[in-house]
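Trainee: for reference, the sequence and a predicted model appear below.
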Protein chains: 2
Amino acid sequence: MRVVVPFGVRSPKTRLDSLFSLEERRELAVAMLRDVLDALCGHDPVVVADAPFEASLDVPVELDDRPLTEAVAARLGGDEPIAVVMSDLALATPESISRLFETRGDIVAAPGLGGGTNALVVRHPEFTVDYHGASIRDHRRIARDIGATMTELDSMRLAIDIDEPRDLAEVLIHGEGHARAWLVEAGVELHDSGSRVTSRRNRR
Amino acid sequence: MRVVVPFGVRSPKTRLDSLFSLEERRELAVAMLRDVLDALCGHDPVVVADAPFEASLDVPVELDDRPLTEAVAARLGGDEPIAVVMSDLALATPESISRLFETRGDIVAAPGLGGGTNALVVRHPEFTVDYHGASIRDHRRIARDIGATMTELDSMRLAIDIDEPRDLAEVLIHGEGHARAWLVEAGVELHDSGSRVTSRRNRR
């Protein structure tokens, strides 16, 4: 199975710009990418980046400056199954990836918080993607329209993509890799807001 | 295995008070409780409520007006395994509950977003609970201190408890039961905020 990891280099993690500079957000994005690649270890992933970036990775990098949906869609349609795993799943583990890849179905999707589609396994040549808005619902519809079965994976580790400051708390609580280490070094710590625990940054 | 579902009646879902009246929040809380009880079907759950409430349920209801931590702790310590499942897991399914109950370990925990502990299976007589703050970390520590193994279940459906307006989007996208039907009837619908999809209410 081919494994593709789309990676947005140009304006990563804009919803974290209240906490981090562009340079810092690029560093964090690379740290999360490394966590995803570690979870994909043994599956020969290929990173598809929308621009060149400075990081020595042990995997091939393809440049494709098209928007996410177009760049992924261009890689679908073959007879070989293909997996698409987002690059900001900082809680992904080899176990959660194994569950994803071992789940049966023409289409297997790991939903993201807020209606996203954080990981896909596509075993049907007619399936295509639409990552705009509540994409998991669009992907359900696309699968239905082509008569494909779609199975949704019940995984917290693949559901939590890191987009917003409150998501950083999840990395601090559940993360074990590069992103967590980067956040700790950057002075991000848990903040008990009285409701859900969130995160805050101590400027140094 | 005994199965306990703590249910807060007195001031339910206060972080939804921008959307719903107290009476509406009580209705929604009961709808979510019904979804949890449906997911627990066949496991003979007991509801532990902090006050009497108006709802005809098919399960026993115990009244215990102590705070959550104390009310749950008072029910631990026996030789029989006990499960504690929160009442606001509107996405819980029989499948996610089966995974919880079938996972091995002295302690099995389903983390909630923001560091909570949404479901527990306790098979160690010395384990106790602390639901304040980032309780999953406290429960890891408590298990470690008594030499118990703790396994964390990777489940999105058990991780998403319904506390905040944005959580309602998850019910609309993934829910299939009473809570989703109540929200639709109440005029809550998905709202694409441009980032994650959230929810909004159309006043009628």
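Mentor: Thanks, I have the structure now. What you are looking at is a predicted structure, and each value in this text was computed from that prediction instead of being measured.

Trainee: how much space between A:Pro67 and A:Tyr131?
Mentor: Noted for A:Pro67: a distance of 8 Å to A:Tyr131, by Cβ to Cβ, to the nearest Å. Any C-beta I mention is one placed from the backbone N, CA and C, and that applies to glycine too.

Trainee: how long is stretch A:173-192 end to end?
Mentor: Its start and end residues considered, stretch A:173-192 measures 12 Å (Cα to Cα, to the nearest Å).

Trainee: buried residues, that stretch. List them.
Mentor: Neighbour-count burial for stretch A:173-192 flags A:173-175, A:177-180, A:182-183, A:186, A:188, A:190-191 (criterion: 16 or more other Cβ atoms under 10 Å in any protein chain shown).

Trainee: now check it, is it near chain B?
Mentor: Yes. Applying Cβ under 8 Å from any Cβ of the partner chain, one finds stretch A:173-192 touching chain B at A:Ile173, A:His174, A:Leu190, A:Asp192.

Trainee: show me the two of the residues you listed that sit farthest apart.
Mentor: Greatest spatial distance among the residues of stretch A:173-192 next to chain B (Cβ to Cβ): A:His174 and A:Asp192, at 16.4 Å.

Trainee: ok, so of the buried residues of stretch A:173-192, who is nearest chain B?
Mentor: Distance to chain B, by Cβ to the nearest Cβ, is smallest for A:Ile173 among the buried residues of stretch A:173-192, at 5.0 Å.

Trainee: pLDDT score for A:Leu37?
Mentor: Model confidence at A:Leu37, given as pLDDT, is 98.

Trainee: what's the following helix or strand after the stretch of helix or strand it belongs to?
Mentor: Here A:Leu37 sits within helix A:22-39, counting by DSSP states H and E. Using DSSP H and E, the helix or strand that directly follows helix A:22-39 along the chain is strand A:45-49.

Trainee: so what strands line up beside that next one?
Mentor: With DSSP bridges as the test, strand A:45-49 is paired with strand A:2-7 (parallel), strand A:61-63 (parallel).

Trainee: so which residue is dead centre in chain A?
Mentor: Closest residue to the average C-alpha location of chain A: A:Met86 at 2.4 Å, with Cα atoms, centre = their mean.

Trainee: grab the nearest non-local neighbour of that one.
Mentor: Spatially, and ignoring its direct neighbours in sequence, A:Met86 is nearest to A:Asn118 (5.0 Å; Cβ to Cβ, 6 or more residues apart in numbering or on different chains).

Trainee: let me know whether the one you found touches A:Pro111 as I believe.
Mentor: Yes. At 6.9 Å, A:Asn118 counts as touching A:Pro111 under the criterion of Cβ atoms under 8 Å.

Trainee: quickly list what's touching both of those two.
Mentor: With contacts taken as Cβ atoms under 8 Å, 6 or more residues apart in numbering or on different chains, A:Asn118 and A:Pro111 have A:Ala159 as neighbours in common.
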